[in-house]
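Participant: Output the structure for:
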Amino acid sequence: MTPPSNLNDTVWFATGCSSGLGKSFAQTIYKAGHRIVATARNVTSLSYLPDEPNVLKLELDVRSQGAITSAFAAALRKFSKIHVVINNAGYGLMGDMESISEFEGRDQLETNFWGPVNITQKALQIFRGKFALEGFTKAVVKEVRPEWNIHFLIASPGGMRTNFAQSSLQSPPRHAAYDSPNVYPISINLE
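Facilitator: Below you'll find the model as predicted:
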């Protein structure tokens with residue numbers, strides 16, 4: 001993949017642009033004069049971006065392989081290429097072990113791990129023609145030839161003010177056993 005001849009020709013594809021870090025990425029990319037494919041599960045949440053030629057707003061649930069394929073196809077129809085992919089979609093899940101259901105745990109992994117894995121696989125097909133996400137990315141880096149000019153960045157931001165701990169955080173009801181301060185810590189006799 002050849003880099004763009006002009007930085008303003010750069011096409012960015014970003015997931016999770018409805019709020020927080022993803023919204024900041026999308027706004028910064030747009031304001032810098034680049035072309036942005038901003039995605040979110042609810043496309044109306046992208047109304048902060050204008051409807052203009054350098055912006056493509058797409059509905060994308062990263063848990064769906066079909067939705068990922070459709071989003072990349074739409075981006076290529078509009079801009080003919082993609083230079084940078086930002087895997088940002090995700091949410092938190094907080095609660096005690098007994099309260100988090102298998103469905104909730106698997107759904108979070110589908111969003112926070114398998115979604116980015118599937119996005120990356122699709123992006124590699126376009127660019128060229130493994131402890132959860134960071135390990136996967138580090139492994140993929142070693143598979144990509146330097147002459148392909150594909151670069152990866154793992155951003156692990158520290159604390160910052162976003163809505164991740166509010167609307168992007170799910171918290172199932174606590175298990176009743178944890179409601180009383182008298183039962184913590186729990187001791188179990190294994191004899």
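
Participant: Any idea how many residues pack against residue 98?
Facilitator: 12 (other C-beta atoms under 10 Å). Bear in mind the C-beta positions are built from the backbone N, C-alpha and C, glycine included.

Participant: ok, now residue 36?
Facilitator: Neighbour tally, residue 36, other C-beta under 10 Å: 29.

Participant: got it, and the one 4 residues further on?
Facilitator: With neighbours defined by other C-beta under 10 Å, the count for residue 40 comes to 23.

Participant: go on, residue 73?
Facilitator: Residue 73: 12 neighbours (other C-beta under 10 Å).

Participant: contacting residues around it?
Facilitator: Contact analysis of residue 73 by C-beta atoms under 8 Å, 6 or more residues apart in numbering lists nothing.

Participant: Is it in a helix, a strand, or coil?
Facilitator: helix (DSSP: H, G, I helix; E, B strand; the rest coil).

Participant: in the chain, which helix or strand is least confident?
Facilitator: For the chain, counting by mean pLDDT, DSSP states H and E, strand 169-170 ranks last in confidence among helices and strands (a mean of 72).

Participant: Tell me which strands that one pairs with, and in which orientation.
Facilitator: Sheet pairing of strand 169-170 (DSSP bridges) gives strand 92-93 (parallel).

Participant: Pass me the low-pLDDT residue ranges in the protein, would you?
Facilitator: Within the chain, the segments meeting pLDDT under 70 span 1-8, 130-132, 156-160, 164-166, 175, 177-191.

Participant: can you map out the helices along this protein?
Facilitator: 20-31, 65-79, 102-109, 115-128, 132-143 (DSSP state H).

Participant: Just tell me which of those helices ends up closest to residue 44.
Facilitator: Closest to residue 44 of these, according to C-beta to C-beta: helix 20-31, at 13.4 Å.

Participant: Would you indicate which residues of stretch 47-57 are buried?
Facilitator: Under the neighbour-count criterion of 16 or more other C-beta atoms under 10 Å, stretch 47-57 has 49, 54-57 buried.

Participant: From the opening residue of that stretch to its closing one, how far?
Facilitator: Counting by C-alpha to C-alpha, to the nearest Å, you get 9 Å between the two ends of stretch 47-57.

Participant: Contacts for that stretch next, please.
Facilitator: Counting by C-beta under 8 Å, 6+ apart, 23, 26-27, 30, 33-40, 43, 46, 74-75, 78-79 sit against stretch 47-57.

Participant: what's the offset of it from the middle of its chain?
Facilitator: With C-alpha atoms, centre = their mean, to the nearest Å as the basis, stretch 47-57 stands 19 Å off its chain's centre.

Participant: what do you get for stretch 86-94?
Facilitator: 6 Å.

Participant: And residue 56, how far from residue 22?
Facilitator: 15 Å (C-beta to C-beta, to the nearest Å).
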